[in-house]
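Engineer: Requesting a structural model of the entry that follows:
(2 chains)
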Amino acid sequence: GQQLNQSPQSMFIQEGEDVSMNCTSSSIFNTWLWYKQDPGEGPVLLIALYKAGELTSNGRLTAQFGITRKDSFLNISASIPSDVGIYFCAGPTSGTYKYIFGTGTRLKVLA
Amino acid sequence: SAVISQKPSRDICQRGTSLTIQCQVDSQVTMMFWYRQQPGQSLTLIATANQGSEATYESGFVIDKFPISRPNLTFSTLTVSNMSPEDSSIYLCSVRTGLNSNQPQHFGDGTRLSIL
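Structural biologist: Alright, predicted model coming up:
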């Protein structure tokens, strides 16, 4: 079945650094969603992408819908301690309304 | 976005018992889903809760183990039946508010379930 692989699996960065992570699929997606999950909470939607090549920002976060439609990227600029959490990508399985979730990138920020 | 409330937020249960988790939304939504998140893992879709009819289950999940109800457009329940330690997970309710199948989904804070 379809899988979404996220890279890196985890990362430790210094406060103030920029962060880049990506999500790749074995098949084409027409929607990409990025979520963040804080400990003890449900995932919160950060950015939604609907068109190949689309670049969308939400504050210090920027996400891009890959041209091949098989990948997406999330960048965080000038990281702060509250950026700590797990970041998930998600997209609809082909021909259905159901979303599958990526393997997650665990981010830790060192002050 | 819709406010999604789940109850209970956490529970510790004995092996062999059942627990019903409630999901209440503050507005009518088109679609409701139940996900499982095992420790340190990603989210896996259990089923789509259909209003007034049987839920649509994903491969590996069956109605006898995870009965689901959705009596109206704002409420759903998931029961975890005959629990075993392998059922220890976070169970998450998720909703979609738009009619477009590509509308984003929003999540409740989950129910953290531990089985002894």
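Engineer: Now do the same contact list for A:T103.
Structural biologist: Counting by C-beta atoms under 8 Å, 6 or more residues apart in numbering or on different chains, A:T103 makes contact with A:L4, A:N5, A:Q6, A:Q9, B:S42. Just so you know, the C-beta spots here come from the backbone N, C-alpha and C atoms, and that holds for glycine as well.
Engineer: List the buried residues for stretch A:18-31?
Structural biologist: Buried positions in stretch A:18-31, judged by neighbour count with 16 or more other C-beta atoms under 10 Å in any protein chain shown: A:V19, A:M21, A:N22, A:C23, A:T24, A:S25, A:F29, A:T31.
Engineer: Those residues: which ones sit near chain B?
Structural biologist: When contact is defined as C-beta under 8 Å from any C-beta of the partner chain, the buried residues of stretch A:18-31 meet chain B at A:T31.
Engineer: Dump the buried residues of stretch A:18-31 to a markdown table, plus secondary structure, distance to A:S82 and pLDDT.
Structural biologist: A markdown table is the format used below for those (DSSP: H, G, I helix; E, B strand; the rest coil; distance: C-beta to C-beta, whole Å; pLDDT from 0 to 100):
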| residue | secondary structure | distance to A:S82 | pLDDT |
| --- | --- | --- | --- |
| A:V19 | strand | 13 | 96 |
| A:M21 | strand | 17 | 98 |
| A:N22 | strand | 22 | 97 |
| A:C23 | strand | 22 | 97 |
| A:T24 | strand | 27 | 96 |
| A:S25 | strand | 29 | 93 |
| A:F29 | coil | 29 | 90 |
| A:T31 | coil | 27 | 92 |
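Engineer: Near residue 45, how many other residues are there?
Structural biologist: Looking at chain A here, since you left the chain open. 16 (other C-beta atoms under 10 Å in any protein chain shown).
Engineer: let's do chain B instead
Structural biologist: B:L45: 21 neighbours (other C-beta under 10 Å).
Engineer: circling back to that earlier point, go through the buried residues of stretch A:18-31 and name the one nearest chain B.
Structural biologist: Of all these, chain B sits closest to A:T31, with 4.4 Å by C-beta to the nearest C-beta.
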